[in-house]
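A.B. asks: Give me the fold of what follows.
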Amino acid sequence: MRLMNRIFSELQPGESAELKRLITTDDLFAFAACSGNYNPLHLADAKWSQPQAHAPSQETQQRVAPGLFVASLISAVLGTQLPGAGTLYRRDIGAEAAIRRAAEQLQEDLAAFEIIDVQGSDDVVAAKACALVREGRAAAVMKGHLHTDDLLRPMLDKTHGLRAGRRFTHVFVMDVPGMPEPLMVTDAAINIAPDLATKVDICQNAIDLARSIGMEPRVGVLSAVETVNPAIQSSIDAALLSKMADRGQIRGGLVDGPLAMDNAVDIGAARTKGLKGGVAGQANILLVPGLDAGNMLAKQLAYISHAEGAGVVLGAKVPVILNSRSDSAMSRLASCAVAVLHHASHQQSS
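C.D. replies: Below you'll find the model as predicted:
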């Protein structure tokens, strides 16, 4: 590997560099050996990582990379790519004063932006975001360096949260190469094993989002089969959702199911199975049986089919942009655009 560097006078605002690293179990054990940080939270596979006196909590079951390990990746980008070899990483920016100093050095005007400097835990930061929405000062919330649970917990508070009558549900809006229009996948991020009532909200939220961005909603409720099988609960739920839409309990779009993946999106497969109607073979919203299936489907579209995706949480008073830290800048911008369109549509209809 050849290392090169650039002096500060050669750097221009807007330049960027990135380093992607898959953090493995071996990495975490190697870091623990070097640093002496044997915190069980970072070594969830180790036999000593689970408390013995009581059942393991959700926090101890999920392995989390140490913050200093992640911070070292920032230093790696600076010291190997931009500016390059010889660069010393002294600090990052988060406080208002530091942000303003950096903007002044870059000759950027921050007059159009309000910076709110919140001191405290992640819960305090998320609660402040909720307060800004309730005060009418924010029309969307975007996840930053917070765990999803920490962001959503204050929003679900019955007194001070952002509940709006429906369950919180997540929708991926995917731009899939070869598809004539965007393809939505829901719910692949929040509701783990949704019951029928939850699926009603998942379906209605997705329909509302589709209409707000100019799509004609056609919901294919997925199962492993396209006929109702009493042994497969997802096929029963799909049939019930379809009938509920026929009776006006779900409004604003076509809903059909159960549909297998092939005859939901491929008209030839739908015709082969003798399926008719306005959804089979041309669904643009895929309502999955559970989070496992949805997460796998969305990531298959992103990493194998090379789809660009946007993601938003619906059901709150404002859209919540729930990006992953691994998402691209394009994905984050697309999520913001979807949130803005949905909020504008909601404002016009209310």
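A.B. asks: what's the average pLDDT for stretch 29-43?
C.D. replies: The predicted model assigns stretch 29-43 a mean pLDDT of 72.
A.B. asks: ok, now stretch 198-206?
C.D. replies: Computed over stretch 198-206, the average pLDDT equals 97.
A.B. asks: Validate this expectation: Ile202 resides in a helix.
C.D. replies: Yes: assessed with DSSP: H, G, I helix; E, B strand; the rest coil, Ile202 lies in a helix.
A.B. asks: these two touch, right, it and Pro289?
C.D. replies: No: the pair Ile202 / Pro289 is not scored as a contact, 10.9 Å apart, by Cβ atoms under 8 Å. C-beta coordinates here come from the backbone N, C-alpha and C atoms, glycine included.
A.B. asks: which one of the two has more residues nearby?
C.D. replies: Neighbour comparison, Ile202 and Pro289: the larger count goes to Ile202, with 30 against 21 (by other Cβ atoms under 10 Å).
A.B. asks: Val171 versus the more buried one, what's the distance?
C.D. replies: 8 Å (Cβ to Cβ, to the nearest Å).
A.B. asks: list the residues that contact both of the two?
C.D. replies: 186-187 (Cβ atoms under 8 Å, 6 or more residues apart in numbering).
A.B. asks: Cys336 and Ile321 touch, don't they?
C.D. replies: Yes: contact status for Cys336 versus Ile321: in contact at 6.3 Å, counting by Cβ under 8 Å.
A.B. asks: Would you mind listing the residues touching both of these two?
C.D. replies: The contact lists of Cys336 and Ile321 share 140, 142, where a contact means Cβ under 8 Å, 6+ apart.
A.B. asks: These two: which is more packed in?
C.D. replies: Remark: of Cys336 and Ile321, Ile321 carries more neighbours, 20 against 17, as counted by other Cβ under 10 Å.
A.B. asks: Identify the residues contacting the nearest residue to that one once chain neighbours are set aside.
C.D. replies: Leaving aside its sequence neighbours, Ile321 sits nearest to Met142 (Cβ to Cβ, 6 or more residues apart in numbering; 4.1 Å). Contact analysis of Met142 by Cβ under 8 Å, 6+ apart lists 320-321, 323, 332, 335-336, 339.
A.B. asks: could you pull out the helices for the stretch 201-350 of the chain?
C.D. replies: 233-246, 261-265, 267-272, 291-303, 329-349 (DSSP state H, counting those that start in this stretch).
A.B. asks: Flag every buried residue along the shortest one.
C.D. replies: Translated: helix 261-265. Buried residues in helix 261-265, counted by 16 or more other Cβ atoms under 10 Å: 261, 263-265.
A.B. asks: now swap in the third one and tell me
C.D. replies: Residues 269-270 are the ones in helix 267-272 that count as buried (16+ other Cβ under 10 Å).
A.B. asks: returning to what we had before: any chance of CSV for the helices of the stretch 201-350 of the chain, columns mean pLDDT and distance to Arg211?
C.D. replies: Output for the helices of the stretch 201-350 of the chain, formatted as CSV (pLDDT from 0 to 100; distance: least, Cβ to Cβ, whole Å):
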stretch, mean pLDDT, distance to Arg211
helix 233-246, 96, 14
helix 261-265, 95, 20
helix 267-272, 94, 23
helix 291-303, 93, 21
helix 329-349, 85, 7
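A.B. asks: Mean neighbour count, those: which tops it?
C.D. replies: Ranked by mean neighbour count, the helices of the stretch 201-350 of the chain are led by helix 261-265 with a mean of 21 (mean count of other Cβ atoms under 10 Å).
A.B. asks: Packing partners of it?
C.D. replies: When contacts are defined as 3 or more Cβ pairs under 8 Å, 6 or more residues apart in numbering; DSSP states H and E, helix 261-265 packs onto strand 218-222, helix 267-272, strand 285-287.
A.B. asks: what's the average pLDDT for the shortest one?
C.D. replies: Pointing back at strand 285-287 there. 98.
A.B. asks: Run the chain-centre distance for it.
C.D. replies: On the basis of Cα atoms, centre = their mean, to the nearest Å, strand 285-287 sits 16 Å off its chain's mean C-alpha point.
A.B. asks: Go ahead and confirm Gln81 touches Ser16.
C.D. replies: No: under the criterion of Cβ under 8 Å, Gln81 makes no contact with Ser16, lying 9.6 Å away.
A.B. asks: Tell me which of the two has more neighbours.
C.D. replies: The neighbour count for Gln81 versus Ser16, taken as other Cβ under 10 Å, is higher for Gln81 (17 against 8).
A.B. asks: ok, so what distance separates the more buried one from Glu18?
C.D. replies: Going from Gln81 to Glu18 by Cβ to Cβ gives 8 Å.
A.B. asks: swap in Asp195?
C.D. replies: Taken as Cβ to Cβ, the span from Asp195 to Glu18 is 41 Å.
A.B. asks: and what of Ala334?
C.D. replies: Distance, Ala334 to Glu18, by Cβ to Cβ: 18 Å.
A.B. asks: Which among the helices of the stretch 201-350 of the chain is found nearest to Asp149?
C.D. replies: Ranking the helices of the stretch 201-350 of the chain by proximity to Asp149 (Cβ to Cβ) places helix 291-303 first, at 14.2 Å.
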